[in-house]
Each structure stands twice: as structure tokens, then as C-alpha cells.
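Colleague: Please work out how this folds:
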Amino acid sequence: MTPSRDPDSIRPGIALGAAAVLGVLALLVREQWARAAEEGRSHRSTEPMPPMVEALVDPQLRTFHSMWSEDDPPPFQPIEQRARIVSSRGLALDPNASCDVRVLPVRGAGMSCLVRVMCGSTVVYPNPSQTAGYLNCNVDESGGISGADHGPTTADGDPAIRLDSTGRVQISNLDWNGPGTAFEVEVQVDPGSMRNGV
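Modeller: Numbering: from 1, shown residues only. The predicted structure is shown next:
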């Protein structure tokens, strides 16, 4: 004979199990939604994404959108420029890969720009999760960008970067965060490829 159980003692276990299953399902759905949105949208596109997807696949863009409004516009429009690889050491990049250099205006803590450099599908700067990339920069009237962040990844979460107004971007991660993490990449922006707006 099976001993009888009090139904009230079973309910918390069932509720906990159901909550765990729902949590896992929600996580899977969120990841699939973000992946599908990213696959359907080129990283060069400026089409808006749903906020939840944007926060998952492009935290920098989410930061930009949360800082500015029509009543409080940014000091300059977001800039995206196509670039080509001039030199690369330490990263497995296709030398013929097309790159994008994106600069978003931000404010706070003495920083004015949020930068991302992608070559092919690789986020070269700031990091794969795009949770860094802040620096103080200047944008001239023609869209030329200059600025630098000399801090290594171990200091601030992203490699050192230097942008000059001629369109040259140098990225280096030489602080050895572990085996195989050192690299240097230089890209040159195509001057006719500037796209404003995000």
C-alpha cells in the first residue's frame, strides 16, 4: 500500500518545478528571438529592433537609445562607416573582410563616444558582448572622428583604441589576459561610406 501524501506538501514542489521549466523555456525563447532578429538584420542595418532584442544583441545601441530623446537630442548623429583591414595580428580575420566602425554619442563620466568595430561577424572592439567601448572623442563637421582609450582590457574591459581624423583606427590588446588574447588590428575607413542615424 502506498502511503498517502498531504496535497499541501506536494504543491510547493510542483510550483517550483513548473517555475523552473517556465524559466528555462523563457530563456530559450528569448535567445531564439534575439538570434532570429540578428540573423534577419545585418549588423550594418540601422533599422530599429524591439527593445528586449536590442538589449540582448546590441547593448551599446540600447545605451544610446536610453540616453537621448527628441527633447534632449544627442550632440551629433550616430556614425557608421565601412572600413577595410590594413593589418591584423593575433585574430583570425579574413583579410578581405568588410569592417564597420560605429560611433554613438553618449554622456557621463567624461566620455562622449561609444565605439564598435566589427570585421565580418567578429566584434574586434570593444568585446564580443559589446558591454564596453566608451571613450572621449571629437567629431568634426565632416564626420571625422578622433579619440583614444589607452587603457588595456584588464583595466577597463576593452582593448586600447586610437581613432584619427584621417579614418585610421588602431586597436591593440597587448596586456595578455590569458593565452591567445593578444592582438593588433588596424583598419582604414572608406571616406565615402559614412552613414548617419541609428
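Colleague: Model confidence at G151, what's the number?
Modeller: Looking at G151, its pLDDT is 88.
Colleague: my read: it touches A160, true?
Modeller: Yes. At 6.5 Å, G151 counts as touching A160 under the criterion of C-beta atoms under 8 Å. In short, each C-beta sits where N, CA and C put it, glycine included.
Colleague: Let's verify H65: helix, strand, or coil?
Modeller: Counting by DSSP: H, G, I helix; E, B strand; the rest coil, the backbone at H65 sits in helix.
Colleague: residues near it, how many?
Modeller: 17 (other C-beta atoms under 10 Å).
Colleague: With N136 instead?
Modeller: For N136, the count of nearby residues is 12 (other C-beta under 10 Å).
Colleague: now do V169
Modeller: 23.
Colleague: In the helix or strand encompassing it, which residues are buried?
Modeller: Element membership of V169, judged by DSSP states H and E, is strand 168-173. If you call a residue buried by 16 or more other C-beta atoms under 10 Å, then strand 168-173 has these buried ones: V169, Q170, I171, S172, N173.
Colleague: Just after that strand, pick out the following helix or strand.
Modeller: strand 183-189.
Colleague: which secondary structure elements does that following strand contact?
Modeller: strand 79-89, strand 98-105, strand 113-119, strand 168-173 (3 or more C-beta pairs under 8 Å, 6 or more residues apart in numbering; DSSP states H and E).
Colleague: before we move on, back to that, G151 and A160: who's more crowded?
Modeller: Between G151 and A160, counting by other C-beta under 10 Å, A160 is the more crowded of the two (21 against 16).
Colleague: on that earlier part again, let me know which of the helices and strands packed on strand 183-189 is the nearest to P126.
Modeller: Closest approach to P126 among these (C-beta to C-beta): strand 113-119, 6.7 Å.
Colleague: for the spatially closest residue to V124 that is not a sequence neighbour, what are its contacts?
Modeller: Distances taken as C-beta to C-beta, 6 or more residues apart in numbering place V117 nearest to V124, at 4.6 Å, with adjacent residues excluded. V117 makes contact with 83, 99-102, 123-125, 161, 169, 171, 185, 187 under the criterion C-beta atoms under 8 Å, 6 or more residues apart in numbering.
Colleague: Just name the closest of those to G110, please.
Modeller: Distances from G110 to those, taken as C-beta to C-beta, are shortest for I161 (16.0 Å).
Colleague: Partner strands of the helix or strand where that closest one lies and their direction?
Modeller: I161 belongs to strand 160-163 when assigned by DSSP H and E. Strand pairing for strand 160-163, determined by DSSP bridges: strand 145-149 (antiparallel), strand 168-173 (antiparallel).
Colleague: State the number of residues packed around L61.
Modeller: For L61, the count of nearby residues is 21 (other C-beta under 10 Å).
Colleague: close enough to count as contact, it and E80?
Modeller: No. The criterion here is C-beta under 8 Å, and L61 misses it with E80 at 11.0 Å.
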